[in-house]
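Engineer: the sequence isn't on hand, but the structure is:
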């Protein structure tokens, strides 16, 4: 199984959910979040929707930000 879909079909763990929340907070692109969590982009969107997390704005880069 390809690395990027290694968790497809598995339940989300608390650790996965925490990582997703952190990546959403940092405006990590959906594709990158999927690769890091081993899930598809659709799975990321679905779980974010269940958690009430917004994946917008999608046009802002999460890189090289000054915080």
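Structural biologist: Yep, it's here. What you are looking at is a predicted structure, and each value in this text was computed from that prediction instead of being measured. Numbers count the residues shown, from 1 in each chain.
Engineer: tell me where the model's unsure across the chain.
Structural biologist: 1-5, 57-67 (pLDDT under 70).
Engineer: quick one, helices of it?
Structural biologist: 14-25, 30-37, 41-51 (DSSP state H).
Engineer: give the buried residues for stretch 47-56.
Structural biologist: Burial within stretch 47-56, assessed by neighbour count using 16 or more other Cβ atoms under 10 Å, is assigned to 47, 48, 53, 55. (Glycine included, C-beta is placed from N, CA and C.)
Engineer: now the second one: closest residue in space that isn't a chain neighbour?
Structural biologist: When the adjacent residues along the chain are set aside, residue 48 lies closest to residue 55, with 5.5 Å between them (Cβ to Cβ, 6 or more residues apart in numbering).
Engineer: the one you found contacts residue 42, correct?
Structural biologist: No. Using Cβ atoms under 8 Å, residue 55 is not in contact with residue 42, being 11.9 Å away.
Engineer: one step back: closest to residue 37 out of the buried residues of stretch 47-56?
Structural biologist: Comparing these against residue 37 with Cβ to Cβ places residue 47 closest, at 9.0 Å.
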